[in-house]
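K.L.:
Got a predicted structure here, sequence first:
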Amino acid sequence: MSRFCTGYGKGCRCFRATRLIRCYANGTTYGSDGTIHIDSKSDRGFTSVYYSHPAWYPRWAGETVIFNDDKSDIVASVYPKPNRLVVFAGNAPHVARGVSRTCPVLRVTLMFKTLAQSHRGGLDRRGA
C-alpha cells in the first residue's frame, strides 16, 4: 500500500471504517520550526492535514515535508496551498517547515489523526 492517499480507489483505506483519535489546529508564525516526528506507531494510522488559511505564496515557505523511514531522504514536500487536504501514513516521518520571515500571516492547519479498521474488522487504539 502507498504511504500517501492517492484517491478513493480500492487501494485507499484512509477514509474507510476509521476512528478519529485526535483532532486539533496548529498556527505557525516565523520562528516556529517543527521537528521530524511520526504521529502513529501503527500501520493503520493516518494523518490528514488541512491547510485552512485563505491565501499562501511560495515565498512564505511552510511546506510539510515527508521523509523515508530512516529519515535520510525527502519523499514528498507538500506546498500549503489554501483548501488543500493531504493524507499520509501516520507512521511516516514528517515535519512542518517554518514559514519565512516575510510571511505576514499565520500558517493555519487542521490536523486529523485516524486509525483504520484492522484486518480482523475491529477498531482499536493500540499503537495509535
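P.N.:
Arrived safely.

K.L.:
Please count neighbours and contacts with C-alpha atoms only from this point.
P.N.:
Will do.

K.L.:
Name every strand pairing with the helix or strand bottoming out on mean pLDDT in the chain and say which way it goes.
P.N.:
When each helix and strand of the chain is scored by mean pLDDT, DSSP states H and E, strand 18-28 comes last, with a mean of 89. Sheet pairing for strand 18-28, assigned by DSSP bridges, gives strand 107-116 (antiparallel).

K.L.:
how much distance is there from the least confident helix or strand of the chain to the middle of the chain?
P.N.:
10 Å (C-alpha atoms, centre = their mean, to the nearest Å).

K.L.:
Kindly report the same for stretch 100-119.
P.N.:
6 Å.

K.L.:
what's the helix or strand in which Val87 is found packed up against?
P.N.:
According to DSSP states H and E, Val87 maps onto strand 85-89. With contacts defined as 3 or more C-alpha pairs under 8 Å, 6 or more residues apart in numbering; DSSP states H and E, the packing partners of strand 85-89 are strand 45-51.

K.L.:
Alright, calling it a day.
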